[in-house]
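Peer 1: quick one: sequence plus predicted model below, questions after.
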There are 2 protein chains.
Amino acid sequence: MKYVYWLFPFALIACNNEPQSKVSEEPTPVEITVLPSWNEGTTKDAIIAYVTAVTDEKSNNYIPIPDRIATFDNDGNLWAEQPAYFQLFFAMDRVKAMATEHPEWKDEQPFKAVLEDDMATLKELGMKGIGEILMTTHAGNTTVEFDALVKEWIATAEHPTKNVGYDELVYQPMLELLQYLRANGFKTYIVSGGGVDFMRAFVSPIYGIPSEQILGSRIKTEFDYNNGDPMIKRLPELDYYDDKDGKPLNIQKIIGKKPVFSSGNSDGDLQMMQWAASNKYKSFMLYVHHTDSIREWAYDRDSHIGRLDKGLDQAISDGWTVIDMEKDWKVIYPFELIK
Amino acid sequence: MKYVYWLFPFALIACNNEPQSKVSEEPTPVEITVLPSWNEGTTKDAIIAYVTAVTDEKSNNYIPIPDRIATFDNDGNLWAEQPAYFQLFFAMDRVKAMATEHPEWKDEQPFKAVLEDDMATLKELGMKGIGEILMTTHAGNTTVEFDALVKEWIATAEHPTKNVGYDELVYQPMLELLQYLRANGFKTYIVSGGGVDFMRAFVSPIYGIPSEQILGSRIKTEFDYNNGDPMIKRLPELDYYDDKDGKPLNIQKIIGKKPVFSSGNSDGDLQMMQWAASNKYKSFMLYVHHTDSIREWAYDRDSHIGRLDKGLDQAISDGWTVIDMEKDWKVIYPFELIK
């Protein structure tokens, strides 16, 4: 099926927002296939109906381009998050790489568990252990050094069961959704509980989202003039946790506008959804429901990772759109298209 | 004098940053007057020479569009800041408006001094007094309420000596510089010690800078679901002070890229300048020097507001560009053009 697809000039107005701009007319429509990796059905129809309504200048639901803010969670929403958040695998690989300089880790938790791939003990050690692993591996360096470490890791690391690079486990239908929204004048943001500097090191070319449109958790930093060669040092202390309430608050701090389109997959995204749902403009709330145990993973209310429980209840009661991954998506990963 | 001026498509690429973008060629040049309110001379020449060099694809100094990040201080840099920061006048006007509900303020400092326009006592009470005035007037409401209060104030308030609206005291030459940079593919940001929500309430249409490109100081906030009508409450505690070291740190937190063009007018901007100066790309550091005691104000090393001392030293020693407001600017304010 083909839909009318609006091309570039939107994006221009969306980001420049200048009163003196001469580009104010809707551009010439071009025929193109929209959301090709989505199966026909109510989910795809709902997305297209929404975008069509809010970009129609004659509609009561029209949204001015500068207000077309779309926020997407990352883990479990734009890429997979099982059997553990991919950033934790990065941290564990860092512990292994750093272990030669820390012989004491052989006998010290939580490092011992990481070095022995003892996931059961790691789980027992809980958030305190994971926090220690994250701070040890994410701090104590500069922003430039950390960026290089992540780039090096993502270029070579492989997912433990899927045996492909972690960055290959992004969701093709969501990549198409991001593109479709941008082509319709939406400014797409990532708003993730994951580390902002971890994401920024590699996701921009994958998602087409520049670093300044990526919001996430972060650790404290310190500026050092360093005799004219300034650096920003990363300190082992949490600065901001971009999850739950932290999501709408960070959106307000950094973007200063309420999203009209919000997409997530867990209860950690619920407040962001509620915030978007309260927009004076017609808004769209989209939950990814992990229902595909074969191609991806199936989990929701009882999962330790990406638990979707209260969010699913509110989605159902408030009529938000829920993606049934198994039924709605023709393919999950981009590499399926090439095969 | 006329210069070659590059038009719109740049902005598109700068914000969309999509690998699949089809717009990658330099646009057709159009003749237009560049920086018309700037007198001919070394300052104007230096700006144009820089922009010309870094936007020339054949130059070794070429900067890819997504990396053309330009950061501008606000107070004393894009608009005036004398005899006190304009946001303080807003706070004082708020104290007066709120005083009917606080009869006790007649005898209580720092409010008594505000109600009596006793600037000498206010100055004596120092940062502690000013902090109390700011928290009392900026917190205890929602983001929506605060935005409305600022909009209402800016629409009616007048500067105590210039007798025009505060928003008329923006610098025309800097408005032209912002436009010129954007027309050349730069993404323009405000990075100010002033309150981010105060600025966002009215500066976007003036400067052509959307809320998501405004960084500033802010107070803590709290999300309240409020039975389905969620609000963000403003709390009387500082969350981030966007000055000095806080500027490059906030740029890294929010933008995630090092600026190539940085403009300020005080020592509070020095770390942001140093950060830009360390860019791997050719960068441009621009200080506004307040030298015009007739049309604006003349102050630098000894000023309590907008002190420019260490910054001026480093600008001179490192060859940064310093605007001599009296000599370099034909007009200061937009209303001079209309007269």
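Peer 2: Structure received. This one's a predicted model, so the numbers in the text were calculated from it and none came from an experiment.

Peer 1: residue A:328 contacts residue A:177, correct?
Peer 2: No. The criterion here is C-beta atoms under 8 Å, and residue A:328 misses it with residue A:177 at 11.1 Å. Quick note: C-beta positions are derived from backbone N, CA and C, even for glycine.

Peer 1: so which of the two has more stuff around it?
Peer 2: residue A:177 (26 against 23; other C-beta atoms under 10 Å in any protein chain shown).

Peer 1: the more buried one: what's it in contact with?
Peer 2: In this structure, residue A:177 makes contact with A:35, A:47, A:263, judged by C-beta atoms under 8 Å, 6 or more residues apart in numbering or on different chains.

Peer 1: in a helix, that's where the first one is, yeah?
Peer 2: Translated: residue A:35. No. According to DSSP: H, G, I helix; E, B strand; the rest coil, residue A:35 belongs to no helix; its state is coil.

Peer 1: phi and psi next, for it.
Peer 2: phi 50, psi 60 (degrees, to the nearest 10).

Peer 1: who does residue A:233 form a beta bridge with?
Peer 2: residue A:142, residue A:222 (DSSP bridges).

Peer 1: run a quick neighbour tally on it.
Peer 2: 16.

Peer 1: was I right about it contacting residue A:142?
Peer 2: Yes. Judged on C-beta under 8 Å, residue A:233 makes contact with residue A:142 at a distance of 5.7 Å.

Peer 1: could you tell me which residues of the stretch 151-300 of chain A lie near chain B?
Peer 2: Counting by C-beta under 8 Å from any C-beta of the partner chain, the stretch 151-300 of chain A comes close to chain B at A:179, A:182, A:187, A:196-197, A:200, A:204-205, A:208-212, A:214, A:218, A:221-223, A:225, A:228-230, A:232, A:239, A:245, A:248-249, A:252-257, A:271, A:274-275, A:278.

Peer 1: how about the contacts made by the closest residue in space to residue A:246 that isn't next to it in sequence?
Peer 2: Counting by C-beta to C-beta, 6 or more residues apart in numbering or on different chains, residue A:246 lies nearest to residue A:240, which is 6.8 Å off, once chain neighbours are set aside. Residue A:240 makes contacts with A:217, A:218, A:246, A:250, as judged by C-beta under 8 Å, 6+ apart.

Peer 1: hmm, back to that, put the buried members of the residues of the stretch 151-300 of chain A next to chain B into a ChimeraX selection.
Peer 2: Applied in ChimeraX, the following selects the buried portion of these according to 16 or more other C-beta atoms under 10 Å in any protein chain shown:
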select /A:179,182,187,196,197,200,204,208,209,210,211,212,214,218,221,223,230,232,245,248,249,252,253,254,255,256,257,271,274,275,278
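
Peer 1: what ranges do the helices span in the stretch 51-200 of chain A?
Peer 2: A:86-98, A:111-115, A:119-138, A:143-156, A:172-183, A:196-200 (DSSP state H, counting those that start in this stretch).

Peer 1: and the residue of the stretch 101-250 of chain A nearest chain B?
Peer 2: Chain B sits closest to residue A:211 of the stretch 101-250 of chain A, with a gap of 3.4 Å, by C-beta to the nearest C-beta.

Peer 1: which SS class is the closest residue in space to that residue that isn't next to it in sequence?
Peer 2: In space, residue A:211 comes closest to residue B:256 once its chain neighbours are excluded; the distance is 3.4 Å by C-beta to C-beta, 6+ apart. Here residue B:256 takes the coil state, with states given by three-state DSSP.

Peer 1: give me phi/psi at residue B:256?
Peer 2: phi 80, psi 10.

Peer 1: and for the one 10 residues further on?
Peer 2: Backbone dihedrals for residue B:266, given as degrees, to the nearest 10, come out at phi -140, psi 170.

Peer 1: likewise residue A:282?
Peer 2: phi -60, psi 130.

Peer 1: one more: residue A:210?
Peer 2: Dihedral pair for residue A:210: phi -70, psi 160, per degrees, to the nearest 10.
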